[in-house]
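Asker: Turn this into a structure:
(chains A, B and C)
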Amino acid sequence: MKKLERDFYHRDSLIVAKELLGKRLVHEIDGKRIVAKIVETEAYMGVMDKAAHSYGGRRTPRVEVMYGEAGHSYVFMIYGMYYCFNVVTQEVGIPQAVLIRGVEPVEGLQEMAQHRFQKQYEHLTKSQRKNLTNGPGKLCKALFIDKKQNGVDLCGDLLYIEEGEAENFTVTASKRIGIDYAEEAKDFLWRFYIDKNPWVSVIDKE
DNA sequence: CAAATGATTCGCT
DNA sequence: GCGAATCATTTGG
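Answerer: Predicted coordinates:
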């Protein structure tokens, strides 16, 4: 499959967030490919987005990578125990990113199960299989993503995103998750997911 | 089953 | 010091 190039990321977060659905996130560990299909994303629109770490043009060491070149990773620790993986978008100087919230395991299930539950994939309970990668903190654990991957170039050979299989799916837009402090910005429909996919972290009611 | 709660580190003020 | 783009576990109906 073809690796996504710089130009793909060099656009608005809202566009990139939608187009990332169905793509494959690949992490190569010791020459082994861990692959997962992206099924849920959220756009963070930078300066005018109260939910974004870069809101109002805040520029601290942590968010610096978002001001840099598109197509790099932005990984941050949350609640003291989990990581969240983002893709930096837009041109240099515009601090936008797309958070990956849910993925569907494709290759390397054994490695994912081992790292997340210290168990063989076959020994996972039904609930553990479902919970392997259906959330931002969970998928980072399963895909071996932590602080060391912050700032990595996704146009490189270790961590990158490639085209997925051709398929048809319905994209649902909804409110973002876990940003109740963001006032009016919490109601923007900037979360996107593949309708009816079981690996989406939070499903909206009818 | 849904809802409440505790865990635990780091970046920022 | 405070609180966070979360999650697993416990509690109660």
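
Asker: Might you enumerate the residues of chain A proximal to DNA strand B?
Answerer: A:R58, A:T60, A:P61, A:R62, A:V63, A:M77, A:Y79, A:G80, A:M81 (CB under 7 Å from any atom of the strand). C-beta: built from backbone N, CA, C; applies to glycine.

Asker: The residues you listed: which ones sit near DNA strand C?
Answerer: Answer for the residues of chain A next to DNA strand B near DNA strand C (CB under 7 Å from any atom of the strand): A:Y79, A:G80, A:M81.

Asker: need the residues you listed in JSON lines with distance to A:L20, can you?
Answerer: Conversion of these to JSON lines gives the following (distance: CB to CB, whole Å):
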{"residue": "A:Y79", "distance to A:L20": "24"}
{"residue": "A:G80", "distance to A:L20": "28"}
{"residue": "A:M81", "distance to A:L20": "26"}
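
Asker: Look up phi and psi at A:L159.
Answerer: When read as degrees, to the nearest 10, the backbone of A:L159 gives phi -130, psi 120.

Asker: Hmm, A:H27 and it touching each other?
Answerer: Yes. Taking CB atoms under 8 Å as the definition, A:L159 is a contact partner of A:H27 at 5.2 Å.

Asker: which residues do those two both contact?
Answerer: Residues touching both A:L159 and A:H27 (CB atoms under 8 Å, 6 or more residues apart in numbering) are A:I145.

Asker: quick revisit: most neighbours of all the residues of chain A next to DNA strand B, which one?
Answerer: Within the residues of chain A next to DNA strand B, most neighbours by other CB atoms under 10 Å means A:V63, with 18 neighbours.

Asker: Please name the residues that touch that residue.
Answerer: Contacts of A:V63 (CB under 8 Å, 6+ apart): A:H53, A:S54, A:Y74, A:P95.

Asker: Kindly recompute the last result at 10 Å.
Answerer: Contact analysis of A:V63 by CB atoms under 10 Å, 6 or more residues apart in numbering lists A:G46, A:A52, A:H53, A:S54, A:Y55, A:Y74, A:F76, A:P95, A:A97.

Asker: Report the buried residues of the helix or strand of chain A with the lowest mean pLDDT.
Answerer: Lowest by mean pLDDT, DSSP states H and E among the helices and strands of chain A is helix A:126-130, with a mean of 94. In terms of neighbour count (16 or more other CB atoms under 10 Å), helix A:126-130 has its buried residues at A:R129.

Asker: Also stretch A:158-171?
Answerer: Result for stretch A:158-171 [16+ other CB under 10 Å]: buried residues A:L159, A:Y160, A:I161, A:G164.

Asker: Strands - which of those residues land there?
Answerer: A:L159, A:Y160, A:I161 (DSSP state E).

Asker: wait, isn't the second one in contact with A:L25?
Answerer: Yes. Using CB atoms under 10 Å as the test, A:Y160 is close enough to A:L25 to be in contact (8.1 Å).

Asker: list the residues that contact both of the two?
Answerer: A:L154.

Asker: Can you tell me the closest non-neighbouring residue to the residue of chain A most remote from its centre?
Answerer: Distance from the C-alpha centroid of chain A, by CA atoms, centre = their mean, peaks at A:H123 (26.9 Å). Ranked by CB to CB, 6 or more residues apart in numbering and with sequence neighbours excluded, the top spatial neighbour of A:H123 is A:A113, at 8.0 Å.
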